[in-house]
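>>> quick one, what's the 3D model for this:
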Amino acid sequence: MKVGMIGTGGFSRMHAEILADMEEVKLQAVCGTSRAKAEAFASEYGGANGYDQLVEMLDSEKLDAVYICVPPFAHGEIERQLIERGIPFFVEKPLAADLEVPGEIMKALQKKKLITSVGYHFRYRNTVAALKKELEAHTIGMATGSWMGSMPLVSWWRNRDASGGQFVEQTTHLIDLIRYTLGEVEEVYAVEADRLMAKQHEHVTAPDVGSAVLKMKSGVIVQLSNTCMLPAGVSQIELQFFHSGGITKMDQSGLTKCTPAMEIKEKDSVNPYIRENDAFLHAVRTGDASKILSSYEDAWRTQEVTSAISKSAASKKTVQLGGK
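Got it, this is the predicted structure:
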């Protein structure tokens with residue numbers, strides 16, 4: 001299987017290393033912002049061909065699948081080219097900085113069915129499977145969550161128009177997990193503020209604190225908060241579910257179930273990144289997409305929620321979701 005990679009950053013490298021350990025999979029081509037970057041990256045993984053133009057790569061190579069690992073603002077033409085050529089693709093989250101581009105891609109995919117997968121890797125954790133089973137056994141009242149950390153100091157991330165802001169670029173993982181476990185969102189209300197980062201760094205337009213309340217279609221209430229103003233090395237990423245059986249907590253260390261009788265902890269035993277790669281490439285090989293836990297269509301719904309949060313914070317009004 002010949003695979004193409006678009007992007008030469010950290011996530012491209014992570015996926016490339018996983019692909020390198022797979023049998024009958026070859027990283028055939030890499031496209032970067034410069035040919036020098038692409039060729040340097042490609043040389044580390046079996047001497048793939050390097051390109052700095054997407055169309056040139058797609059015209060020159062016969063690829064079975066392509067990985068898209070680019071910043072939020074760079075999406076659109078890449079996906080359109082792959083859909084036009086009928087090439088299955090895996091795309092890292094988020095789908096874009098807003099909802100407009102993913103909406104166009106969705107319309108194109110509805111006209112031309114294609115295997116797609118999106119990098120919401122939390123879904124592939126074995127503890128998340130246990131979490132879903134636990135929640136299905138109880139009546140959920142509410143959930144709270146937080147994504148607290150530092151601001152990535154790359155120019156595009158601090159620019160809200162380029163990154164979408166923290167809810168779109170990072171907290172989207174928690175929002176996606178909420179959807180995966182609790183169903184669809186009916187309405188959101190959000191507030192955001194600039195507390196520190198715009199004073200410390202130039203050209204910061206992304207808010208550094210924010211909070212959103214989500215009302216699920218089921219009636220469950222969810223409160224999510226995030227900040228990117230913490231010092232590097234300090235972070236907190238977690239979700240807590242409050243239900244008729246007690247409290248269930250999901251964080252980076254695993255799953256904790258708190259009941260009146262006991263506290264049970266379960267750690268992750270599988271690499272979710274490997275599982276999402278296996279699922280995607282299995283689908284490309286066989287046409288069986290049942291192992292893919294986040295298709296482009298499903299991820300669009302998560303993008304719809306993050307976009308609604310941004311709109312609510314800007315308008316200071318509750319935003320209803322269409323539920324398309």
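
>>> what is the end-to-end distance of stretch 128-148?
20 Å (CA to CA, to the nearest Å).

>>> quick one: average pLDDT of that stretch?
Averaging pLDDT along stretch 128-148 gives 98.

>>> which SSE is Phe167 in?
Using DSSP states H and E, Phe167 sits in helix 166-169.

>>> residues contacting that helix, please?
Residues outside helix 166-169 that contact it (CB atoms under 8 Å, 6 or more residues apart in numbering) are 72, 94, 97-98, 147, 157, 163, 175, 190, 206-208, 210, 212, 224, 226-228, 303, 306-307, 309-310. From N, CA and C alone the C-beta is placed, and that goes for glycine too.

>>> can you tell me which helices and strands whatever helix or strand comes next after that helix packs against?
For helix 166-169, the following helix or strand on the C-terminal side (DSSP H and E) is helix 172-182. Where contact means 3 or more CB pairs under 8 Å, 6 or more residues apart in numbering; DSSP states H and E, helix 172-182 is packed against helix 126-136, strand 140-148, strand 209-216, strand 221-227, strand 236-243, helix 296-315.

>>> dump the ones you listed to a markdown table, plus mean neighbour count and distance to Ala65.
Putting the helices and strands packed on helix 172-182 into a markdown table (neighbours: other CB atoms under 10 Å; distance: least, CB to CB, whole Å) gives the following:
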| stretch | mean neighbour count | distance to Ala65 |
| --- | --- | --- |
| helix 126-136 | 17 | 25 |
| strand 140-148 | 20 | 30 |
| strand 209-216 | 20 | 34 |
| strand 221-227 | 20 | 33 |
| strand 236-243 | 18 | 30 |
| helix 296-315 | 21 | 14 |
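
>>> so which of these gets nearest Gly103?
Closest approach to Gly103 among these (CB to CB): helix 296-315, 7.6 Å.

>>> skipping adjacent residues, who's closest to Gly322 in space?
Leaving aside its chain neighbours, Gly322 sits nearest to Glu304 (7.4 Å; criterion: CB to CB, 6 or more residues apart in numbering).

>>> roughly how far apart are that neighbour and Asp268?
According to CB to CB, to the nearest Å, Glu304 and Asp268 sit 28 Å apart.

>>> stretch 298-306: how far from the chain's middle?
For stretch 298-306, the distance from its own C-alpha centre to the chain's C-alpha centre is 10 Å (CA atoms, centre = their mean, to the nearest Å).

>>> ugh, wrong one, I meant stretch 251-270
Put simply, stretch 251-270 sits 24 Å off its chain's centre (CA atoms, centre = their mean).

>>> and what of stretch 147-162?
15 Å.

>>> one more: stretch 293-311?
Computed by CA atoms, centre = their mean, the chain-centroid distance of stretch 293-311 equals 9 Å.

>>> check stretch 161-171 too.
Averaging C-alpha positions (CA atoms, centre = their mean) puts stretch 161-171 11 Å from its chain's average.
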